[in-house]
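Visitor: Mind looking at a prediction? Sequence and model below.
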Amino acid sequence: MSNWIDISQPLDEKVATWPGDTPFSYKVSWSKEESGSVNVGRIVMSIHTGTHVDAPFHFDNEGKRVSDLDLDLYMGQARVIHLPNPGSIGVQELTGVQLDGVTRLLIRTDAWKDRHVFPQSIPPIEPELAAYLAGYGVRLIGLDLPSVDPLDSKELPAHHELAGYGIHILEGLVLDHVEPGDYELIALPLPLTEADGSPVRAVLRR
Ligand SMILES: Nc1ccccc1C(=O)C[C@H](N)C(=O)O
Ligand SMILES: [Zn+2]
Ligand SMILES: [Zn+2]
């Protein structure tokens, strides 16, 4: 039996999409009957649907594209912590949480209750947290939420502050079934040369 825990959102027409963004669609565009040999599918989706990484180009025209991202960030030891339904996620919420030696930090908030409906509001990351996490050597932050900033934010202060401290962002994880602790993470972006982010298949192993 596989001991990998899937922490990715299934991608089908039920997946929640950022309001106004491209709905997810998978279609067989050329059926076995039509082609005489194979079913050939196509997907249409926003890069920010489901479980995905943000490349800095998402919020900074000069920022790195997906193909410039360091793959080491998305594979290796990760710590999962549980902060149930916080108002926001800042230094105060993390006091008492052991972060020594943590490179990849995944935060389970349980705040996105019905993943088939886009949330009305989410607990945002406080921008001040970026410097605090960087002080421990954190290089990747992952959340069970569709953004690290308030959903109506235009300035995206947490995205920018995290990027400024070299901390990369993984969004839309499913962590409801994951106990806090240390795991091996794999959440590789696709080799999308110019993109502002990428869907990932995120998995954990104890
Ligand atoms: N899909 C969108 C459509 C319109 C405006 C923003 C978005 C986002 O996804 C941004 C979000 N701040 C994000 O965390 O990636
Ligand atoms: Zn995103
Ligand atoms: Zn984002």
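Guide: That came in fine, so what should we check first? Ligands and ions are numbered 1, 2, ... in the order given.

Visitor: roughly how far apart are the residue of the chain most remote from its centre and Tyr165?
Guide: When distances are taken from the C-alpha mean of the chain, Gly36 lies farthest, 39.1 Å away, according to Cα atoms, centre = their mean. Using Cβ to Cβ, to the nearest Å, Gly36 is found at 55 Å from Tyr165. C-beta here means a position set from N, CA and C on the backbone, and glycine is covered the same way.

Visitor: Pairing partners for the helix or strand harbouring Ala187, with directions?
Guide: Following DSSP states H and E, one finds Ala187 within strand 181-189. Looking at strand 181-189 with DSSP bridges, its partner strands are strand 75-82 (antiparallel), strand 197-205 (antiparallel).

Visitor: so which of the ones you listed gets nearest ligand 2?
Guide: Closest of the strands paired with strand 181-189 to ligand 2 is strand 197-205, at 5.3 Å (criterion: Cβ to the ion).

Visitor: Can you give the contact residues for that closest one?
Guide: 3-8, 11, 45, 47-55, 58, 66, 74, 78, 80, 106, 142, 170, 173, 178, 183-190, 192 (Cβ atoms under 8 Å, 6 or more residues apart in numbering).

Visitor: now, which of those residues lie close to ligand 2?
Guide: 48, 54 (Cβ under 5 Å from the ion).

Visitor: Now a ChimeraX select for only the buried ones of the contacts of strand 197-205.
Guide: ChimeraX command restricting those to the buried ones, with burial defined by 16 or more other Cβ atoms under 10 Å:
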select :5,7,8,11,45,47,48,49,50,51,52,53,54,55,58,66,74,78,80,106,142,170,173,178,183,185,186,187,188,189,190
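
Visitor: three-state assignment of the residue of the chain found nearest ligand 2?
Guide: Ligand 2 sits closest to His48 of the chain, with a gap of 3.7 Å, by Cβ to the ion. Under DSSP: H, G, I helix; E, B strand; the rest coil, His48 falls in the coil class.

Visitor: give the contact list for it.
Guide: Contacts of His48 by Cβ under 8 Å, 6+ apart are 18, 21, 54, 58, 146, 171, 197.

Visitor: ok, now Gln120?
Guide: Contacts of Gln120 by Cβ under 8 Å, 6+ apart are Leu151.

Visitor: need the helices for this protein, in chain order.
Guide: With DSSP state H as the criterion, the chain has helices at 32-35, 91-94, 129-136, 157-164.

Visitor: What about the closest residue to His58 other than its chain neighbours? Give its phi and psi, please.
Guide: Closest residue to His58 apart from its sequence neighbours, by Cβ to Cβ, 6 or more residues apart in numbering: Asp196 at 4.0 Å. Backbone torsions of Asp196, given as degrees, to the nearest 10, read phi -90, psi 0.
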